[in-house]
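Trainee: Pasting the sequence and the predicted model now:
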Amino acid sequence: MDNAVGLMDENSIALLSFVLTLMVFSYALGDLPLIGSLYRIAVYIFVGMTAAFTLVVSYEGVILPYLQDIQNAATSWTTLGNSTDIGIFFAALLLGLCLLLKPIRALSWLTNSAYAVVIVVGASVAVTGALSGTLFPLLHATASVPDGIAGDFGALADRLIIVVGVLSGLYYFHYQARANSDIGAERSKLASGFRHIGKAFIVTALGAIYAAAILTSLTILTERLSFLFQFGA
Amino acid sequence: MSEDFNWLDYAEPEESAPEPPRRRRRFAPRLPRLPQLRRPARPRLPRLPSLPALRRRSALPPAQRSATDLISDQAERPLDELDERLQLLRERSVDSAQGAATPQPALYDVDEVLATPEVARKPGGIISAVALSKAQERQVELLKDIVGGAQADEGGDRRVKPSRALFSLGAAPRILASVMLFLVAALPFASSDFSQGDLPPADFPAERSGPAAVYNALDTLSRGEYALVALEYGPTAAGELDAFAELVLRQLFARGAKPLIVSSNPIAIARAQNIIRRLAPAEASAAGGLRAGLDYHILRYLPGGSLGLRELSENFGAVARVSHKGALTGLELDSLDDLAAIALIAERADDLRNWAEQVATELRQTRLLAFTGYSAAPLAQVYADSADAIAGVIIGYRDAFTYGEKLQREFSTVNPAPTQPTVIPTATATTPVYDEPTATVAPSMTVPALVTDLPPPTPEPPLADTTPISDLPPATVDPGLRATDPSAESGQAQAERPLASATPLPSATATLATMRIVEVISPREVRIRRGPTTVDDILRLARAGDRFEALGANADASWYKIALGDGLEGWIAEFLVEAKTVTVAEFVASQAEASARLPDENYHLRWDFIVSLGKNRPRIYQAPAPPASDSAAFVLNRDRSAEIPRLAAMTLGTIAAALVIALGNVFYAFGALRSRRRVSNDG
């Protein structure tokens, strides 16, 4: 990869970047003939190069070392890695081969078994991680009351807002109500008001996320503008 | 389904006899046969009277039977033998199929994904009951406008196709808004007259512990330590997050630490190579260049998303063993806790969440330092505030500017390597002022300063925020030492420098000199801070009996300014210490004894506090002496020419975006009102 980059000098790379940047920016003019094609060509180049680079990196950094481990293991099990690593690799290799059996209908159940292993392991890892890394820390941080908060009205207000926001936000997704032929769903005024509070929290949160996304877009835009001006200078 | 297909002309191919389904041979292990269980006897139910035959339609005359019944009773027969009503039905459907155009997808591109139901627009077809009303047609037109403008061709094809014209009026508002935003954001790059808006602060605010904690944690790294730098972003976020990656790597290289770069995004590996290549040329001559495998490592790609991160946290040794090119790195690291720091630069909130869930939960000693863009800020801040394993978060380009400013300031004031003070005879010196701070006689032990004038020194002039300790007895001065450059320092500069600094000379008189110190008397560990307030960074911890050279005090004498060695100075609260005057020999002996008793104590204390305690606990900032070598060039040789125009462009761009959004909403509201009025008029 370094050699490939080395084939082009800095000016050529900058010129290529300049052209590709303009091609991407052409999307601002809409999906029009000729102009729209420029954007699409740039995107196709990026997607194709990303796929190719991912393949190369995966092969060089992940698959090849395992193969080298196996080669070394054939002569000495202690040279690189240990028997556990080699065993894990063989299990992964077996499951990978199972994926290749998908076109053979009689053996496609083996492919499903490999999928099942990946999905089950992935789900279990995700669930345990979500519990220990997200749910419990957030619950603890929300529910805990730090020492010395009694006299700190700002901190108390923060906690109160968090609690009200969480409860009302959850209640907004509570759809159980008494059926009414005229108005559809009938709720008490208290419940309806609480739902509106939750809706306000959700809308505020979404608005904040949207504003943050705009700031990110502007940051990236300014970086590209800076590049264009520097190239022009 | 093919558009020309007519189900009424379809006839099943003749088959002699249906073949029995072939049993698929499957490879399955033979399982032992289980013993057969006896079936339970069925309960006897009473006999019910027989129900009337409801499906005896064939007994009805043909005129009273429905077309569906007729169809269901039809076997495969020639067309002529069909019932008359079925033949009529067939003719009508054929006419309808010929009259109407091919199925009419309404949306270009969208209908390729979502099958559009066939809807006849005019009555007379088979499904005339679902013809669109005028209101529905208007909604369809509105939808087409939103998607990009409907252009039904003459053949009746309602597929919305891209315009043949180079520009269409329908896209004019969008083009106008884009061009306006583009021009406004470009103004600051064209002229500095358009550089509007305030610059970000030069330092992280004291109340915001997040960014300061991240900076301090990276600033405590020393030469040779390993730090994991996770780049979790692709080309789309490079414009925002490359700044962080560059700053973190510069700081690590300047500190002499060795970054281990890792990512679950393969493109980020290419980004890392580009950034290091960008850093290397400028400093190649000064610092000998950056060598992969020696100064830094790019570890192998982590495939599988959260599974890859789980592998990193549980099997870090195997991950660190291989570089991104498949070569062995030679690193002998067992777990993530062997690292001095872990910096995560994440593009999306999901990336941060994955790291918080899969990696941070496994950390015992090291903590996660997060850098992210604005779009991920809402979730990132929540994690930083709630998860103990995340030390803090630095968000967006404005924080990156502050980060760079702080870094630049710190390394631009790097003290030169400690040298023995130069002795310059002066005739008029009344107040001793020494050149640069202390020389060391033993590792991690600073030789105290000496007060060097005879007769007793003239009291220093009162300073803005620091006053000399006036209640201490006057010190004696070693005659072998004299002041240097007494007139060069202003009052403020004196406040930030040691009052006196020297190396004990191998003479008997040197050891008899006295000095002013403070000794910790609090039974609990006390905090030494960067400034004379409780919100300043904690530089170090001290215990009862620890002694420090006193350099001065603040205006109300509630804090002492003390020398910590390694060129650092700190502040300690007055009520925690006792001011004393001791001889240099005593002080050196006590320091040597403390050093022998607790080797690297401060190091462990730092880790105890940085790593183990919760977010709301103090974080110790103990910067080792900033290296005076060429490695500081990694920080100082940055090209910062585009920073201020970018910040100004962000400010103007934000204003322009807000205007575009506001105007768009106004136009949308007018359009909605017009549409509602039209609907009410039609109704």
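Mentor: That came in fine, so what should we check first?
Trainee: SS state for the spatially closest residue to A:Phe18 that is not a sequence neighbour?
Mentor: Take A:Phe18 and drop its neighbours on the chain: the residue closest to it by C-beta to C-beta, 6 or more residues apart in numbering or on different chains is A:Phe231, 4.9 Å away. Where you see a C-beta, it was placed from the backbone N, CA and C, and this is true even at glycine. At A:Phe231 the chain is in helix, as set by DSSP: H, G, I helix; E, B strand; the rest coil.
Trainee: And for B:Arg524?
Mentor: Assignment for B:Arg524 (three-state DSSP): coil.
Trainee: I'd like to know how far it sits from B:Ala349.
Mentor: Per C-beta to C-beta, to the nearest Å, B:Arg524 is found 40 Å from B:Ala349.
Trainee: Looking at those two, which is more packed in?
Mentor: Shown here are B:Arg524 and B:Ala349; by other C-beta atoms under 10 Å in any protein chain shown, B:Ala349 has more neighbours (20 against 8).
Trainee: B:Leu379 is in contact with the more buried one, correct?
Mentor: Yes - using C-beta atoms under 8 Å, B:Ala349 is in contact with B:Leu379, at 3.8 Å.
Trainee: which residues does the residue nearest in space to the middle of chain A contact?
Mentor: In chain A, the residue lying closest to the centroid (C-alpha atoms, centre = their mean) is A:Ala126, at 13.2 Å. Taking C-beta atoms under 8 Å, 6 or more residues apart in numbering or on different chains, we find A:Ala126 in contact with B:Ser306, B:Glu357.
Trainee: Please name every helix or strand in contact with the longest helix seen in chain B.
Mentor: The single longest helix within chain B, with elements called by DSSP state H, is helix B:643-682. The helices and strands touching helix B:643-682, judged by 3 or more C-beta pairs under 8 Å, 6 or more residues apart in numbering or on different chains; DSSP states H and E, are helix A:189-232, helix B:134-147, helix B:172-190, helix B:396-412.
Trainee: Please name the bridge partners of B:Leu344.
Mentor: B:Ala230, B:Ala370 (DSSP bridges).
Trainee: what's the pLDDT at it?
Mentor: Here, the pLDDT recorded for B:Leu344 equals 94.
Trainee: Could you check how far it is from chain A?
Mentor: 13 Å (C-beta to the nearest C-beta, to the nearest Å).
Trainee: May I have the residues that are in contact with the closest residue to B:Asp351 other than its chain neighbours?
Mentor: Spatial nearest neighbour of B:Asp351, chain neighbours left out: B:Glu232 (4.1 Å); criterion: C-beta to C-beta, 6+ apart. B:Glu232 makes contact with B:Ser263, B:Ser264, B:Asn265, B:Ala268, B:Leu344, B:Ile345, B:Ala346, B:Glu347, B:Arg348, B:Asp351, B:Trp355, according to C-beta under 8 Å, 6+ apart.
Trainee: I'd say the second one and B:Arg300 touch.
Mentor: No - here B:Ser264 does not reach B:Arg300: they are 10.7 Å apart, not a contact under C-beta under 8 Å.
Trainee: remind me which residues of chain A are low pLDDT?
Mentor: A:1-8, A:30-33, A:68-83, A:85, A:145-151, A:181-183, A:232-233 (pLDDT under 70).
Trainee: the helices in the stretch 201-350 of chain B, which residues?
Mentor: Taking DSSP state H, counting those that start in this stretch as the test, the helices found in the stretch 201-350 of chain B are B:209-219, B:238-255, B:266-287, B:306-314, B:316-320, B:349-358.
Trainee: So which of those helices is nearest B:Arg676?
Mentor: Among these, the nearest to B:Arg676 by C-beta to C-beta is helix B:349-358 (38.2 Å).
Trainee: Among B:Ser264 and B:Arg300, which residue is more densely surrounded?
Mentor: Shown here are B:Ser264 and B:Arg300; by other C-beta under 10 Å, B:Arg300 has more neighbours (27 against 23).
Trainee: ok, now how distant is A:Leu215 from chain B?
Mentor: In terms of C-beta to the nearest C-beta, A:Leu215 sits 4 Å off from chain B.
Trainee: Give me the neighbour count for that residue.
Mentor: Neighbours of A:Leu215 (other C-beta under 10 Å): 23.
Trainee: contacting residues for it?
Mentor: With C-beta under 8 Å, 6+ apart, A:Leu215 has these contacts: B:Tyr374, B:Ser375, B:Gly396, B:Met650, B:Thr654.
Trainee: Could you do B:Leu241 as well?
Mentor: So B:Leu241 contacts B:Leu231, B:Tyr233, B:Ile345, B:Glu347, B:Phe371, B:Thr372, B:Gly373 (C-beta under 8 Å, 6+ apart).
Trainee: Mind giving me the PyMOL select for the residues you listed, buried ones only?
Mentor: In PyMOL syntax, the buried subset of the contacts of B:Leu241 is picked out as below (16 or more other C-beta atoms under 10 Å in any protein chain shown):
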select buried, chain B and resi 231+233+345+347+371+372+373
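Trainee: Pick out whichever of the contacts of B:Leu241 sits closest to A:Leu170.
Mentor: Nearest member of these to A:Leu170, counting by C-beta to C-beta, is B:Thr372, at 26.5 Å.
Trainee: Give me the phi and psi angles of that closest one.
Mentor: In terms of degrees, to the nearest 10, the main-chain angles of B:Thr372 are phi -150, psi 170.
Trainee: That one against B:Asp350, yeah?
Mentor: No - using C-beta under 8 Å, B:Thr372 is not in contact with B:Asp350, being 11.2 Å away.
Trainee: How much space separates the closest residue to B:Lys258 other than its chain neighbours from A:Ala141?
Mentor: The shortest distance from B:Lys258 to any non-neighbouring residue, by C-beta to C-beta, 6+ apart, is to B:Tyr226 (5.3 Å). As for B:Tyr226, its distance to A:Ala141 is 30 Å (criterion: C-beta to C-beta).
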